[in-house]
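Trainee: Task: produce atomic coordinates for the following.
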Amino acid sequence: QIELLSKENELRNLQVRQSRFFLFGMVGLAVFIIVFAIFIVRQNRLKSEQQNVLIRQKLLRSQMNPHFIFNSLASIQNTIISNNPEKATRYLARFSKLVRNILDSSVEELIPLEEEISTIENYLELQKFRYPDKFDFKIEIDPELDTDSLLIPAMLVQPFIENSIEHGVKHKEGKGNIRVRFKKKDDLLVIEVEDDGIGREKAQELLMEQEKDHKSLSTGIILERLKVLNRKRKRKITIEITDLVDSNGNPLGTLVRTTIPV
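Mentor: Residues are numbered from 1 along each chain as shown. Below you'll find the model as predicted:
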């Protein structure tokens, strides 16, 4: 009987040890899974951040392209030669501020709406300086918007304004118009860029003739960046591009609407 009790005791001890080994194994497996999951999440976050940096670098290069810089400085130089140094000084100050804003925006994920509006205004003024007879512009700001405290992704709007000028109103007979609107709709910021240029279809035909693809490049970078930005957001930023036409289907321009949850 003593031998039987001893064997039963050994069996119980063996079962306890097996239970402990099983418990330790399950805990170890759970820890491994948690550590592995954290590693994957961090790797994905790092990859997303790297993609965002690369896209912003591409966007910076597209905004600070040598063609725009050269033509802006050439226009200012011509104004100086024409004995109008006061006007040249005014636009040189705008050019300097635009470059500073773009460089500052390139290292910031979010910037105040006021800063984005300033960048857009300086860009439009410089383009109008280059093309004085090609377009007028107007920037409309909803008075309900707190432009100083409201933060938005940097460098999100200017490429569409560039498209409106370079591939829209620039090729129109007579003077065109560009409207940039910042509106508050419930808990959304709606940014609209509207032009009455030649339309996207005609612009694409001209691009194919000239063998250029700058429009598709800059727009493509924005859409690529939007995908990266939206990975971090529960409520997504959306961009909608509408071809404006009359009742007969003739092009009246283009409307780009960017909606940002705030």
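
Trainee: average pLDDT for the helix or strand residue 43 falls within?
Mentor: Per DSSP states H and E, residue 43 falls inside helix 2-63. Averaging pLDDT along helix 2-63 gives 73.

Trainee: which element follows that helix toward the C-terminus?
Mentor: In N-to-C order, the element after helix 2-63 by DSSP H and E is helix 66-81.

Trainee: Can you give the contact residues for the very next helix or strand once past that next one?
Mentor: Under the assignment DSSP H and E, the closest C-terminal helix or strand after helix 66-81 is helix 85-105. Contacts to helix 85-105, defined as C-beta atoms under 8 Å, 6 or more residues apart in numbering, come from residues 60, 63-64, 72-73, 75-77, 79-80, 111, 115-116, 118-119, 122-123, 125-126, 129, 154-155. To be clear about C-beta, it is placed using only N, CA and C from the backbone, and glycine gets the same treatment.

Trainee: ok, and for helix 85-105, which residues are buried?
Mentor: By 16 or more other C-beta atoms under 10 Å, the buried positions in helix 85-105 come out as 88, 91-92, 94-95, 98, 101-102, 105.

Trainee: What about residue 247, how many residues nearby?
Mentor: Around residue 247 there are 5 other residues, counting by other C-beta atoms under 10 Å.

Trainee: Might you report the residue contacts of it?
Mentor: Counted by C-beta under 8 Å, 6+ apart, residue 247 has zero contacts.

Trainee: for residue 261, same thing?
Mentor: 187-189, 233, 235-237.

Trainee: let's see it at 10 Å
Mentor: For residue 261, the contact set (C-beta atoms under 10 Å, 6 or more residues apart in numbering) comprises 186-189, 233-238.

Trainee: any idea which of those is closest to residue 19?
Mentor: residue 234 (43.1 Å; C-beta to C-beta).

Trainee: gap between the closest one and residue 154?
Mentor: Per C-beta to C-beta, to the nearest Å, residue 234 is found 21 Å from residue 154.

Trainee: where are the low-confidence patches of the chain?
Mentor: Along the chain, the parts satisfying pLDDT under 70 run over 1-5, 7, 48-66, 209-218.
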